[in-house]
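Q: have a look at this fold, sequence not included:
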Ligand SMILES: Nc1ncnc2c1ncn2[C@@H]1O[C@H](COP(=O)(O)OP(=O)(O)OP(=O)(O)O)[C@@H](O)[C@H]1O
C-alpha cells in the first residue's frame, strides 16, 4: 500500500500559539482514519495541511506522492475531496443539489458550465443515491436540512473521484437520527474498497463509523496516540486526549464514552 499522506515532524505556529506540534503521520491507500480531539486540539489545522490548504511552519508534508512546497497546490487540490463547514459556507444556497454535485467535476463553486456530459450526470446521480439523497436532486441547497446538506457535500466531494477524502466533523449539528443515518452511510463508504483513503475529524467516539481502520488522537496540537483503531482507541488514550478520566465501551464496531464516576470508599 502506498502512502497517500506523509507528515514528518510537522508544526504550525501562529505567533506564540502552537497549532500543531511535531506531528508525524502516514496515511496509506485503503486506510480510513478518524482524528479525535477536544475543541482547539488542532484537528482542523491538521486537515488543512492534509488538504494542501495550509503550509506548515516546519516539517515536511507529502500529499499523493508530491512534496508540499515543491508542487503547484492548484494541481493537487482537485485530487482531494473535502467536506467541511468552510467549504459549505461557499456553496450558493440557490443552486440545485444536482448542479452542485455535477459542477464539482469542474472544480467550480457557484458557477454553472453550460454543458456537462451525460456521464457526469449519471455519476452525480449514483453518488446522490449512494449517500441517500437522490430524492433531493432538484431541490436547492438552501432548502435542505443540516443532515441533508452534509450528505450532499459528501457526494460533491466524491464527484471528482478523489484519491483522498477529508471530512471535517460531518456529523456536527445533526440530531440523533441524522447522526445515525450519516454514520451508516459513512460506514458503507468505509467498507467499499473503491472508496478513497479517508480522514474524518470528530470530537465524539459515537460518530466513528464501523469500518474505519485507524485513529489519531490530538491534544494541544500534539499526537497523544495513533495506530489501528482496535488497540489504539483505549480509555487511557481517550482520557489523555480529553484531559479527564473516561470510560470507553465498544459494541459491534460502535464506540461510546462517558466520564468515569468517582467511587467513594
Ligand atoms: N491564526 C491563529 N492564531 C493563533 N491561534 C490560532 C490561529 N488559528 C487557530 N488558532 C488556534 O489553534 C488551535 C487549533 O485550532 P483548530 O481549529 O485546528 O482546532 P480544532 O481541533 O479543529 O478545534 P474545534 O474542534 O473547536 O473545531 C485553537 O486553539 C485555535 O484557537
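A: Structure received. From a predicted model like this one, the values you see are computed outputs, not experimental measurements.
Q: name the helix or strand for the residue nearest to residue 134 when sequence neighbours are not counted, please.
A: On the basis of C-beta to C-beta, 6 or more residues apart in numbering, the spatially nearest residue to residue 134 that is not a chain neighbour turns out to be residue 128, at 4.4 Å. All C-beta spots, glycine's among them, are computed from the backbone N, C-alpha and C. The secondary structure element spanning residue 128 is helix 118-130 (assigned by DSSP states H and E).
Q: go through the helix or strand just after that helix and flag the buried ones.
A: Note on helix 118-130: by DSSP H and E, the next helix or strand toward the C-terminus is helix 146-158. The neighbour-count check on helix 146-158 (16 or more other C-beta atoms under 10 Å) flags 147, 148, 149, 150, 151, 152, 153, 154, 155, 156, 157, 158 as buried.
Q: in those residues, find the pair that's most separated.
A: 147 and 158 (17.2 Å; C-beta to C-beta).
Q: and residue 137, backbone torsions?
A: Backbone geometry at residue 137, expressed as degrees, to the nearest 10, gives phi -50, psi -30.
Q: tell me how many other residues crowd the residue nearest to it when sequence neighbours are not counted.
A: Counting by C-beta to C-beta, 6+ apart, residue 137 lies nearest to residue 98, which is 4.4 Å off, once chain neighbours are set aside. Using other C-beta atoms under 10 Å, residue 98 has 19 neighbouring residues.
Q: nearest residue to whichever residue of the stretch 51-200 of the chain sits closest to the ligand other than its sequence neighbours?
A: Of the stretch 51-200 of the chain, the residue with the smallest distance to the ligand, taken as C-beta to the nearest ligand atom, is residue 169 at 7.0 Å. Excluding the flanking residues, the one nearest residue 169 by C-beta to C-beta, 6+ apart is residue 201, at 5.6 Å.
Q: that neighbour: what's it in contact with?
A: Taking C-beta atoms under 8 Å, 6 or more residues apart in numbering as the definition of contact, the neighbours of residue 201 are 34, 35, 43, 44, 46, 47, 166, 167, 168, 169.
Q: circling back to that earlier point, do I have it right that the residue nearest to residue 137 meets residue 138?
A: Yes - the pair residue 98 and residue 138 passes the contact test of C-beta atoms under 8 Å, sitting 6.3 Å apart.
Q: quick one on the thing from earlier: is it true that the residue nearest to residue 134 touches residue 99?
A: No - using C-beta under 8 Å, residue 128 and residue 99 do not qualify as a contacting pair, with a distance of 11.7 Å.
Q: those two - which one has more neighbours?
A: Neighbour totals were compared for residue 128 and residue 99, and residue 128 leads with 25 against 20 (other C-beta under 10 Å).
Q: distance of the more buried one relative to residue 101?
A: To residue 101, residue 128 is 6 Å away according to C-beta to C-beta, to the nearest Å.
Q: any residues in contact with both of the two?
A: With C-beta under 8 Å, 6+ apart, residue 128 and residue 101 have common neighbours 152, 155.
Q: chain center to stretch 3-19, what's the gap?
A: The chain centre lies 18 Å from the centre of stretch 3-19; the measure is C-alpha atoms, centre = their mean, to the nearest Å.
Q: quick one on the thing from earlier: restrict the buried residues of helix 146-158 to contacts with the ligand.
A: Residues shared between the buried residues of helix 146-158 and the neighbourhood of the ligand: none [C-beta under 6 Å from any ligand atom].
Q: let's have the residues you listed in JSON lines, adding pLDDT.
A: Supplementary listing: the buried residues of helix 146-158 in JSON lines, determined by pLDDT from 0 to 100:
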{"residue": "147", "pLDDT": "86"}
{"residue": "148", "pLDDT": "90"}
{"residue": "149", "pLDDT": "90"}
{"residue": "150", "pLDDT": "89"}
{"residue": "151", "pLDDT": "90"}
{"residue": "152", "pLDDT": "93"}
{"residue": "153", "pLDDT": "93"}
{"residue": "154", "pLDDT": "92"}
{"residue": "155", "pLDDT": "92"}
{"residue": "156", "pLDDT": "93"}
{"residue": "157", "pLDDT": "91"}
{"residue": "158", "pLDDT": "91"}
